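>>> Mind folding the following:
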Amino acid sequence: MGPETNNDSQSASLTPIIGVIGPPCSGKSTVARHLESLGGVWLNADEIAKSQLHEPEVIAELRSLFGDSIQTTDGSLSRQRLADLVFGDDEDSLARLRQLEGVLHPRTRTILQARIATARTEGKPFVILDVPLLLESGYRDTCDEVWCLQVDPERHLELLGSRGWDLAELERRSARQWSWERKRAASTRVLSNNGTPDDLRRLVESELAVLQHRDGG
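Next comes the predicted model:
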């Protein structure tokens, strides 16, 4: 390997990438936020993708795909109307979802790669990669580890209720995803979130210490 490849490998080893996954309301944002407070760089793909919905060229491309009804009177896009179009059980909804992903995913991936490169150049201790459908979207190979949140079913229903969701809404949004059993099997660590937020933060610190000890941090 040439010198440039060696440098890339060294920087990668010094900046491990932790992918964080979990069902809605499982504590994923709490984990990512706490890891960020411990020195990591939190890359939230959902927020990056949402920011792209304000870009004029993205708005124009989506209007050409889905029609003017997705645009509000002030010229912005209606995320609710987009969700109604793409989150359904029928094949037309799936086709529209693929079209939306075809517009947003390449742009989001480019931004994520640039920010990972910046974190490595700056010598950050680790990166938190927060990507919806991280495993299904092919980001597993980007991560050194994947941490999966798990919540007991009864507690999960309570947490979903606080967001205004019910089990039907969860199933609607999860219908085309891997099962959580499969996701847990593909993860490096499974973090149980059935206690208090402080319990979860302490667990995060413990798991991070194991990772950094392994990598010589």
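
>>> now this protein, which segments are flagged as low pLDDT?
Low-confidence segments of the chain, defined by pLDDT under 70: 1-13, 166-167, 169-176, 216-217.

>>> and the residue positioned nearest the centre of it, what does it touch?
Taking Cα atoms, centre = their mean, the centroid of the chain lies closest to V131, which sits 1.8 Å from it. Counting by Cβ atoms under 8 Å, 6 or more residues apart in numbering, V131 touches G19, A45, D46, L112, S137, Y139. For glycine as for every other residue, the C-beta is placed from the backbone atoms N, C-alpha and C.

>>> so the fifth one sits in a helix?
Translated: S137. No - going by DSSP: H, G, I helix; E, B strand; the rest coil, the assignment for S137 is coil, not a helix.

>>> Look up how far Q177 lies from it.
Distance from S137 to Q177, counting by Cβ to Cβ, to the nearest Å: 10 Å.

>>> ditto for the fourth one
With the distance defined as Cβ to Cβ, L112 ends up 20 Å from Q177.

>>> Looking at the contacts of V131, which is nearest L157?
D46 (22.8 Å; Cβ to Cβ).

>>> check contacts around that closest one.
Here D46 is in contact with D130, V131, P132 (Cβ under 8 Å, 6+ apart).

>>> tell me which residues in stretch 145-165 are buried?
E145, V146, W147, C148, L149, Q150, V151, H156, L159, L160, W165 (16 or more other Cβ atoms under 10 Å).

>>> typo on my end, stretch 193-203
N193, L200, R201, L203.

>>> so how far is that stretch from its chain's centroid?
Distance, stretch centre to chain centre, for stretch 193-203: 20 Å (Cα atoms, centre = their mean, to the nearest Å).

>>> likewise stretch 52-60?
That offset, for stretch 52-60, works out to 21 Å (Cα atoms, centre = their mean).

>>> do stretch 16-34 as well
Taking Cα atoms, centre = their mean, the mean C-alpha location of stretch 16-34 is offset from the chain mean by 8 Å.

>>> Ends of that stretch, what's the gap?
One end of stretch 16-34 sits 16 Å from the other (Cα to Cα, to the nearest Å).

>>> Just give me the neighbour total for D144.
The number of residues packed near D144 is 18, by other Cβ atoms under 10 Å.
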